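Visitor: Kindly return the folded structure for what I paste below:
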Amino acid sequence: MPEKNKRPEMPPLIVSQPSSEESELGVLRAASELHDKIYNDKLTGLLRRDGLTKELRAMLESEEDAPKYLAVAFIDIDGFKLVNDILGYTEGDEALKQVALKLKTLFKRDEDVLASPTSRWGGDEFVVCAPFYSRKEDDKRKQIVSHVEFEQFVKKSIESMLIEDESLPDYIRNLKISVGAEVYNIDQITDDIDHALVAAQERMRNMKKNK
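Guide: Numbers count the residues shown, from 1 in each chain. Predicted coordinates:
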């Protein structure tokens, strides 16, 4: 006769243990996600400040195919606060994404030119660091330019790319930007990247004040 009030026995719990390969993949995936959070801007897909500095140091310390000059440009969207205040933060975010997309398109890597690290510095400020190789006219690679020429090139290129993109709303197509740039010999900035970045940022802000 069965005993009263006796609890039924639970079946043994079987726990599946991940294989060593699965564990390793999980660790790598977590490391990759952490790297993205630290070095990449979630909204635009561009590098963040730390990511830009990291890539610049790697470029400057490379023993193979290292550039001789570096043009640093700071870009700021004119009147961006009004976009946020009048149209809303969603529209403001879309403006940031579109400017970032045009920068990535303009400075993408090709066969002869190193990729130019591009960053969202914060708010509506962006940074482009374009490597150059030579001042010789017959050099096959991209030629070094003056800081004024580089400023004009970035400003005209981005504004033209925006206005010519008929898929964009008018408030984005009509955006204007301020650009401040400095051009350095690589030997000048190898040990002081931060100073090079700040100098270009100050030039951009001074130019914006004088508009």
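
Visitor: Ile86: neighbour count?
Guide: 11 (other Cβ atoms under 10 Å). Quick note: C-beta positions are derived from backbone N, CA and C, even for glycine.

Visitor: Let me know the pLDDT of it.
Guide: The per-residue pLDDT reported for Ile86 equals 96.

Visitor: any idea how far Lys211 is from it?
Guide: Ile86 is 20 Å from Lys211, where distance means Cβ to Cβ, to the nearest Å.

Visitor: again with Lys81
Guide: 15 Å.

Visitor: Those two: which is more packed in?
Guide: Higher neighbour count among Lys81 and Lys211: Lys81, with 12 against 7, using other Cβ under 10 Å.

Visitor: Can I get stretch 69-81 as CSV, trimmed to CA atoms?
Guide: C-alpha atoms of stretch 69-81 as CSV (Å, rounded to 0.1, in the frame of the first residue of the first chain):
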residue,chain,number,x,y,z
TYR,A,69,51.6,64.4,-43.4
LEU,A,70,48.2,64.6,-41.7
ALA,A,71,45.4,67.0,-42.3
VAL,A,72,43.0,67.3,-39.3
ALA,A,73,39.6,68.9,-39.9
PHE,A,74,36.9,69.8,-37.4
ILE,A,75,33.4,70.0,-38.7
ASP,A,76,30.4,71.7,-37.0
ILE,A,77,26.8,71.9,-38.3
ASP,A,78,25.6,75.5,-38.4
GLY,A,79,22.3,76.2,-36.6
PHE,A,80,22.0,72.6,-35.4
LYS,A,81,20.4,73.7,-32.1
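
Visitor: could you give the mean pLDDT of it?
Guide: Rounded mean pLDDT across stretch 69-81 is 94.

Visitor: Now it: buried residues?
Guide: Within stretch 69-81, the residues that count as buried by 16 or more other Cβ atoms under 10 Å are 69-77, 80.

Visitor: Off-centre distance for it?
Guide: 12 Å (Cα atoms, centre = their mean, to the nearest Å).

Visitor: Then stretch 185-199?
Guide: Put simply, stretch 185-199 sits 18 Å off its chain's centre (Cα atoms, centre = their mean).
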